[in-house]
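**Student:** Generate coordinates for the sequence data below:
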Amino acid sequence: MSEELIINENPQITDQSIVERYTNFFVERFVYSVAELEDLNPEQRTHLMLNILEALSYLICDTDYLNLGNIKTVGNIINESYEVPKGLRRIGVTAGTKATFDPIAPNQIPNALNMLFYQYYHTWNEIDPFLREAMFNIKYMRIHPLEDGNKRSAKLILTANLWKEGLAPVIITKEDTDEYYDFINSQDYDSFAEFLKQRSNIETNTMCGFYKSLKGMSLTESVKDEDVKKLVLKIK
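**Tutor:** Numbering: from 1, shown residues only. Predicted coordinates:
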């Protein structure tokens with residue numbers, strides 16, 4: 001897609017409504033990728049959707065530099081409907097049946113997160129953005145800072161970071177679970193970075209198709225990827 005952005009004027013479809021509709025569309029797919037929806041009733045699904053939307057909005061709009069307070073807040077939001085203690089993890093946990101690593105001890109979590117934030121903003125700030133996110137996500141998951149919701153919070157942080165960089169966010173599906181844990185278990189940053197880049201490209205195509213559908217455009221009409229991302233992701 002390399003042609004200039006084509007806009008078919010529709011007074012009912014404003015730029016803001018496109019942003020809101022795409023965000024809701026993304027969150028719906030995100031929730032499906034992280035939850036067993038068949039085990040939830042409609043009210044629980046709606047509540048989960050709203051929690052994920054609130055957490056994503058918080059990460060995109062209200063955080064410039066991640067800190068311990070942000071991680072606590074995100075954890076509290078996504079675990080709001082679960083009986084999970086608030087704040088950072090205070091007990092030993094396993095990282096699930098697919099993990100071959102042990103999360104660090106609870107008393108090490110604050111220092112480990114602060115070191116991760118420092119690396120992300122001051123050491124890795126000049127490297128490829130997908131490699132940067134791969135390194136952050138894997139290290140975050142190996143820390144496992146929350147008693148529950150570590151995958152949800154890790155994927156939300158990944159989404160928000162890419163979003164703020166003007167890069168299409170990534171959906172890591174249930175079908176990707178084994179591959180995702182292989183990256184984490186082996187700490188294979190490069191392969192995970194390539195995976196994220198490919199999935200971001202797929203989401204760019206999805207985003208452009210969604211945009212054209214809202215604008216009443218034919219799927220054969222061309223739009224410029226960067227213009228769509230600039231609009232949909234509200235890039236300044």
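**Student:** From the contact counts, what lies against the longest helix belonging to the chain?
**Tutor:** Ranked by residue count under DSSP state H, the longest helix found in the chain is helix 189-214. In terms of contacts (3 or more CB pairs under 8 Å, 6 or more residues apart in numbering; DSSP states H and E), helix 189-214 is packed against helix 15-34, helix 129-143, helix 150-164, helix 177-186, helix 225-232. Bear in mind the C-beta positions are built from the backbone N, C-alpha and C, glycine included.
**Student:** how near is Gly69 to Pro110?
**Tutor:** Counting by CB to CB, to the nearest Å, the gap between Gly69 and Pro110 amounts to 11 Å.
**Student:** Those two - which one has more neighbours?
**Tutor:** Each of Gly69 and Pro110 has its neighbours counted (other CB atoms under 10 Å); Pro110 has more, 13 against 10.
**Student:** The more buried one reaches Leu88, doesn't it?
**Tutor:** Yes. Between Pro110 and Leu88 there is a contact at 6.9 Å, judged by CB atoms under 8 Å.
**Student:** Overlap in contacts, the two.
**Tutor:** Shared contacts of Pro110 and Leu88 (CB atoms under 8 Å, 6 or more residues apart in numbering): Leu68.
**Student:** what about the protein, any weak spots by pLDDT?
**Tutor:** The model of the chain has pLDDT under 70 over residues 1-12, 37-38, 235-236.
**Student:** Spatially central residue for it, please.
**Tutor:** Thr159 (2.4 Å; CA atoms, centre = their mean).
**Student:** now the closest residue to that one other than its chain neighbours, what's its secondary structure?
**Tutor:** Nearest residue to Thr159 in three dimensions, chain neighbours excluded: Pro169, at 4.2 Å (CB to CB, 6 or more residues apart in numbering). Here Pro169 is coil, with the state taken from DSSP: H, G, I helix; E, B strand; the rest coil.
**Student:** before we move on, back to that, which one of the helices and strands packed on helix 189-214 lies closest to Ala193?
**Tutor:** helix 129-143 (4.0 Å; CB to CB).
**Student:** Off-centre distance for the closest one?
**Tutor:** Centroid separation between helix 129-143 and its chain, computed with CA atoms, centre = their mean, to the nearest Å, is 12 Å.
**Student:** What angle do helix 189-214 and it make with each other?
**Tutor:** Comparing the axes of helix 129-143 and helix 189-214 via axes from the mean of the first three to the mean of the last three CA atoms, to 10 degrees yields an angle of 110 degrees.
**Student:** tell me what helix 129-143 is packed against?
**Tutor:** Packed next to helix 129-143, using 3+ CB pairs under 8 Å, 6+ apart, are helix 109-118, helix 150-164, helix 177-186, helix 189-214.
**Student:** what's the angle between the longest helix of the chain and helix 225-232?
**Tutor:** Going by the same axes, to 10 degrees, helix 189-214 makes 80 degrees with helix 225-232.
**Student:** in helix 189-214, what's buried?
**Tutor:** 189, 192-193, 195-197, 199-200, 203-204, 206-208, 210-212, 214 (16 or more other CB atoms under 10 Å).
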